[in-house]
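Chemist: below is the structure, and that's it, no one-letter string:
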């Protein structure tokens with residue numbers, strides 16, 4: 001027999017094709033290595049584990065898909081603690097805090113602030129009013145300043161500018177970073193820059209060597225300028241912090257923020273049709289897949305919940321939903337606060353599309369499908385019966401008389 005080592009082109013093709021049924025059998029054993037910051041890295045294509053940012057990685061080695069019949073184990077990762085006892089300077093960040101929590105855009109801005117702060121500086125996050133966020137430490141916040149008061153509630157840009165100016169007078173941050181978004185950061189940053197007589201850099205997507213690069217010309221042109229004091233950063237301006245924990249030491253203003261006579265009156269929120277909200281901007285998505293047999297019931301459930309409708313690729317291909325409602329790598333990438341997947345098994349493209357969602361709820365008959373493994377909460381049962389129960393529960397909650405009678 002010849003000692004020549006012969007290549008198998010078909011085996012090499014299967015090893016590259018993650019959708020092939022024999023792909024997992026062609027993969028090498030999971031490996032670990034030391035990252036540049038001293039943190040142990042793990043191969044995400046190997047056995048499932050908890051990543052450094054606390055997100056459960058999905059097992060694509062076949063161990064959870066019947067390849068070996070064994071469930072993967074999870075490994076807790078202890079992140080190193082980043083401490084700044086006496087900051088040489090501050091980098092101030094004003095996150096949008098939509099729904100009282102950090103958005104993916106906020107985490108990108110905090111990642112950029114961490115880069116600018118380095119080892120000597122500290123990232124100071126300014127939050128208005130009450131919040132529900134409990135992961136400031138893994139987002140890169142060294143100091144947290146919460147500005148409480150009724151004057152900051154609702155749409156109150158004038159009073160919030162007064163608060164930011166009080167922070168500027170006390171802490172004198174080297175840079176101010178705000179998300180350049182339509183949910184508050186874009187307007188607040190421009191107003192604050194005008195108040196402190198600074199020319200802000202807007203739509204910044206990269207900071208390097210003392211220069212910031214902004215998008216212009218409908219995204220077709222880049223403009224570079226020296227790093228200013230006020231930066232309005234675009235989404236994905238930097239990688240979120242995922243290799244360290246931070247102290248999140250509380251700080252307070254030495255003097256209360258000045259009050260100004262408001263010239264703007266907030267009349268409250270306006271009801272919006274969930275169907276008119278783009279899925280990329282929706283915070284609550286009710287998505288259906290091949291397991292949904294009664295689509296009229298699905299629509300009624302989404303309407304009762306007040307959620308934006310989504311769908312898997314199978315449901316779209318079968319004509320039950322429009323193409324612009326498709327969620328996934330081949331459709332729309334979503335970052336909802338709550339994502340409910342009804343009858344969706346969890347193809348890899350779909351799981352990629354919901355990677356930025358905070359809470360995932362799965363309704364499925366198959367307790368071993370990938371969507372159930374990805375979900376934070378799973379309901380195993382018939383989707384039609386569960387949707388009917390949801391509608392009944394919502395009607396009872398909205399009508400106390402029916403609830404008491406029941």
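Modeler: Sure thing, it's come through. In this text, all values refer to a predicted model and were calculated from it rather than measured experimentally.
Chemist: what sits opposite the closest residue to residue 274 other than its chain neighbours in the beta ladder?
Modeler: In space, and not counting its chain neighbours, residue 274 is closest to residue 308: 4.6 Å by CB to CB, 6 or more residues apart in numbering. C-beta: built from backbone N, CA, C; applies to glycine. Taking DSSP bridges, one obtains residue 285 as the residues bridged to residue 308.
Chemist: close enough to count as contact, residue 308 and residue 282?
Modeler: Yes. Taking contacts as CB atoms under 8 Å, residue 308 lies within contact range of residue 282: 3.9 Å.
Chemist: list residues touching both of these two?
Modeler: Contact criterion CB atoms under 8 Å, 6 or more residues apart in numbering; residues shared by residue 308 and residue 282: 274, 336.
Chemist: what's near enough to touch the residue nearest to residue 274?
Modeler: 274-275, 277, 279, 282, 284-286, 302, 336.
Chemist: of the residues you listed, which belong to helices?
Modeler: residue 302 (DSSP state H).
Chemist: about what we covered before: and the residue nearest to residue 274, what's its pLDDT?
Modeler: At residue 308, the model reports a pLDDT of 94.
Chemist: next: the one 5 residues further on.
Modeler: Residue 313 carries a pLDDT score of 93 in this model.
Chemist: what of residue 331?
Modeler: 89.
Chemist: number of residues surrounding the residue nearest to it when sequence neighbours are not counted?
Modeler: Among residues not flanking residue 331 along the chain, residue 353 sits closest, at 6.3 Å (CB to CB, 6+ apart). By the criterion of other CB atoms under 10 Å, residue 353 has 26 neighbours.
Chemist: gap between residue 355 and residue 246?
Modeler: Distance of residue 355 to residue 246, computed by CB to CB, to the nearest Å: 23 Å.
Chemist: quick one, helices of the stretch 51-200 of the chain?
Modeler: 104-117, 136-139, 157-171, 185-195 (DSSP state H, counting those that start in this stretch).
Chemist: packing partners of the second one?
Modeler: Identification of packing neighbours for helix 136-139 by 3 or more CB pairs under 8 Å, 6 or more residues apart in numbering; DSSP states H and E yields helix 104-117, strand 245-246.
Chemist: same list (those) but as TSV, adding distance to residue 378, mean pLDDT and mean neighbour count.
Modeler: Output for the helices and strands packed on helix 136-139, formatted as TSV (distance: least, CB to CB, whole Å; pLDDT from 0 to 100; neighbours: other CB atoms under 10 Å):
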stretch	distance to residue 378	mean pLDDT	mean neighbour count
helix 104-117	24	93	24
strand 245-246	29	92	22
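Chemist: redo the ones you listed as TSV? Include distance to residue 10.
Modeler: Putting the helices and strands packed on helix 136-139 into TSV (distance: least, CB to CB, whole Å) gives the following:
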stretch	distance to residue 10
helix 104-117	40
strand 245-246	46
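Chemist: nearest to residue 183, out of those?
Modeler: When the helices and strands packed on helix 136-139 are compared by CB to CB, helix 104-117 sits nearest residue 183, at 8.4 Å.
Chemist: so that closest one versus helix 185-195, what angle?
Modeler: Angle of helix 104-117 versus helix 185-195, following axes from the mean of the first three to the mean of the last three CA atoms, to 10 degrees, is 40 degrees.
Chemist: quick one: residues in contact with helix 104-117.
Modeler: 84, 89-91, 93, 95-97, 102, 123, 125, 139-142, 174-175, 177-179, 181, 185, 207, 231, 233, 235-241, 335, 356.
Chemist: of the residues you listed, just the buried ones, ChimeraX syntax please.
Modeler: Buried subset of the contacts of helix 104-117, written as a ChimeraX selection, criterion 16 or more other CB atoms under 10 Å:
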select :84,89,90,91,93,95,96,97,102,123,125,139,140,141,142,175,177,178,179,181,185,207,231,233,235,237,238,240,241,335
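Chemist: keep only those of the contacts of helix 104-117 that are in strands.
Modeler: Under the assignment DSSP state E, these contribute 90-91, 93, 123, 125, 175, 177-179, 207, 231, 233 to strands.
Chemist: between the residues you listed, which has the least confident prediction?
Modeler: Note: of these, the lowest pLDDT belongs to residue 207, at 92.
Chemist: what residue ranges in the stretch 151-300 of the chain score low on pLDDT?
Modeler: Under the criterion of pLDDT under 70, the regions of the stretch 151-300 of the chain flagged as low confidence span 261.
Chemist: can you pull up the most central residue in this structure?
Modeler: In the chain, the residue lying closest to the centroid (CA atoms, centre = their mean) is residue 104, at 3.5 Å.
Chemist: hmm, back to that, report the buried members of the contacts of residue 308.
Modeler: Buried among the contacts of residue 308 (16+ other CB under 10 Å): 274, 279, 282, 284-286, 302, 336.
Chemist: from these, which is closest to residue 223?
Modeler: Once CB to CB is applied, the member of the buried ones among the contacts of residue 308 that ends up nearest residue 223 is residue 279, at 30.7 Å.
Chemist: thanks again, I'm all set now.
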